[in-house]
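In: any chance you could fold what I've pasted below:
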Amino acid sequence: MRNVEDVLVVGYGYAGRRFATALRHLAGEGFPVRIVGVCDREGHRLPDGEPGFTDLTEALRVLRPSVVCVTVNETQHAAVYRTLSEYGRVLVLSEKPLTADAEDGARAVADLAGHGFSMNLVERFSPVVRECARWLDEQGPFEPLRVETFWGKHRIGDARPTMGVLSELIHPLDLIHRLFPGRPLDVVHAQGVASDLDVSSAATLDSLDVTARMGGAPVLLHSSYAWPKRVRTVSALLHSERSGMHRVNLVFDTPHWDCDSLEIVAIAPDGHYRVVHGMETRSADVPAPIRGVAKVVEYIRCSIRHWRAGSPEARDTELVGLETAMELQTTLARMAAMADPCLVQAQYRGITVGA
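Out: Modelled structure (predicted):
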């Protein structure tokens, strides 16, 4: 085992800078990790202070990293994985989703099969999710009666390329699997809006409504890139033979990044309810240098800790390995395919005033 893990950050846009901030903080704490280089095809984005490369093959050859952070746009994931398939075993820390195109998923799994892998589904690492999972385990078993999620933000006019709202919908979909494991999700219906939101496409899925079943419980998911502000919620009605009906409500990144909350209420047969458990995280409680990336710090810490311990990441319920990443990819593809025949079109760019 290396004394320190040498990390290469691939992609230095918004996500790459967040990863770099988290890695530098961990290194400053004495965690066995250090950035040995950054690779980005757009050389002008490379930071000062670390070796920079515009060619990934060269960066791998020169730096010989033990950890590679894949923080390029999702449309470039498959190409990066393909290059990594020709390199020795490393831990791959990848932004979500696995690939932008569902058809690339199987090839990605094959390309990554020789590596360790952990996908960044960052809300898993919120203290409120950990607390919710702990409470459900201790007070249960609970049977879900209904689950609803709303995940939206404003991306109209955003110049960054995007595969569309599926990249956002993966978060609540994953949280449902995290909090209610072992319950397959059966997609019943999907409908959405396709638009010119992405500057590179005239038909990007920017909003999606999904109706599904989890056993006998309805599951309703809504996600939008055209919402006026960031909204991230998961709400579930649950029943226990021992303690009756409860509602679990999780809110993320409101009003600021890493400001999350958990509220659990008991609902009496007459409809009255009382709060029985809760938790909040505040950005003011996070060290100033990592405000906004505290969950990324924890994701990286947890992933590398298990890598160094020699434990398969899939054994840790907080980590998303290749198998789970592919399951999520397949479910998202099924949702998109079901919505495709009834998509409504919208146009936001190129509108002529008075036309």
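In: make it CA atoms for all contacts and neighbour counts henceforth
Out: Will do.
In: quick one, longest strand in the chain?
Out: The residue-count maximum for a strand in the chain (DSSP state E) belongs to strand 226-240.
In: low-confidence stretches in the protein?
Out: 200, 202, 311-317, 350-355 (pLDDT under 70).
In: identify the single longest helix in it, thanks.
Out: helix 322-339 (DSSP state H).
In: coming back round to it: got the contact list for the longest strand of the chain?
Out: With Cα atoms under 8 Å, 6 or more residues apart in numbering as the contact definition, strand 226-240 has outside contacts at 140-156, 172, 206-207, 245-254.
In: and it, which strands flank it?
Out: Here strand 226-240 has these sheet partners by DSSP bridges: strand 143-154 (antiparallel), strand 244-251 (antiparallel).
In: I'd like to know which of the ones you listed is closest to Ala27.
Out: The minimum distance between Ala27 and these falls on strand 244-251, with 30.1 Å, by Cα to Cα.
In: dump that closest one to CSV, restricted to CA.
Out: Output of strand 244-251 as CSV, limited to C-alpha atoms (Å, rounded to 0.1, in the frame of the first residue of the first chain):
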residue,chain,number,x,y,z
GLY,A,244,-47.9,3.3,13.1
MET,A,245,-47.6,5.8,10.3
HIS,A,246,-44.8,8.3,9.9
ARG,A,247,-43.7,10.9,7.3
VAL,A,248,-40.0,11.3,6.6
ASN,A,249,-39.1,14.6,4.9
LEU,A,250,-35.6,15.4,3.6
VAL,A,251,-34.5,18.7,2.1
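In: where's that strand relative to the chain centroid, distance-wise?
Out: 22 Å (Cα atoms, centre = their mean, to the nearest Å).
In: same question for stretch 57-72.
Out: Centroid separation for stretch 57-72 versus its chain: 22 Å, with Cα atoms, centre = their mean.
In: for the residue lying closest to Met335 once chain neighbours are set aside, what are its contacts?
Out: Leaving aside its chain neighbours, Met335 sits nearest to Ala190 (6.0 Å; criterion: Cα to Cα, 6 or more residues apart in numbering). Residues in contact with Ala190 (Cα under 8 Å, 6+ apart) are 208-211, 335-336, 338-339.
In: one more time with 6 Å
Out: Contacts for Ala190 (Cα atoms under 6 Å, 6 or more residues apart in numbering) come out as 209-210, 338-339.
In: okay, buried residues for the helix or strand encompassing it please.
Out: Counting by DSSP states H and E, the element that carries Ala190 is strand 186-195. The neighbour-count check on strand 186-195 (16 or more other Cα atoms under 10 Å) flags 187, 190-195 as buried.
In: between these, which is nearest Ile264?
Out: Distances from Ile264 to these, taken by Cα to Cα, are shortest for Val187, at 27.0 Å.
In: you'd agree the closest one is up against Ala212?
Out: Yes. Val187 lies in contact with Ala212 (Cα atoms under 6 Å); the separation is 4.2 Å.
In: before we move on, the earlier item: widest-spaced pair of the contacts of Ala190?
Out: Taking Cα to Cα, no two of the contacts of Ala190 sit farther apart than Asp209 and Met338, at 10.8 Å.
In: quick revisit: sheet-wise, list the partners of the strand holding Ala190 with their directions.
Out: Assessed with DSSP bridges, strand 186-195 is paired to strand 204-214 (antiparallel), strand 344-346 (parallel).
In: could you list the paired strands of the helix or strand following the longest one along with their orientation?
Out: In other words, strand 204-214. As assigned by DSSP H and E, the chain's next helix or strand after strand 204-214 is strand 217-224. In the sheet, strand 217-224 lines up against strand 143-154 (parallel), strand 204-214 (antiparallel) (DSSP bridges).
In: any buried residues in the longest helix of the chain, and which?
Out: If you call a residue buried by 16+ other Cα under 10 Å, then helix 322-339 has these buried ones: 322, 324-326, 328-336, 338-339.
In: Gly216 and Ser235, how far apart?
Out: To Ser235, Gly216 is 17 Å away according to Cα to Cα, to the nearest Å.
In: what do you get for Phe180?
Out: 12 Å.
In: the two: who's more crowded?
Out: Ser235 (20 against 16; other Cα atoms under 10 Å).
In: now the strands paired with strand 226-240 in JSON lines, with mean neighbour count and distance to Glu131?
Out: Putting the strands paired with strand 226-240 into JSON lines (neighbours: other Cα atoms under 10 Å; distance: least, Cα to Cα, whole Å) gives the following:
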{"stretch": "strand 143-154", "mean neighbour count": "20", "distance to Glu131": "18"}
{"stretch": "strand 244-251", "mean neighbour count": "20", "distance to Glu131": "11"}
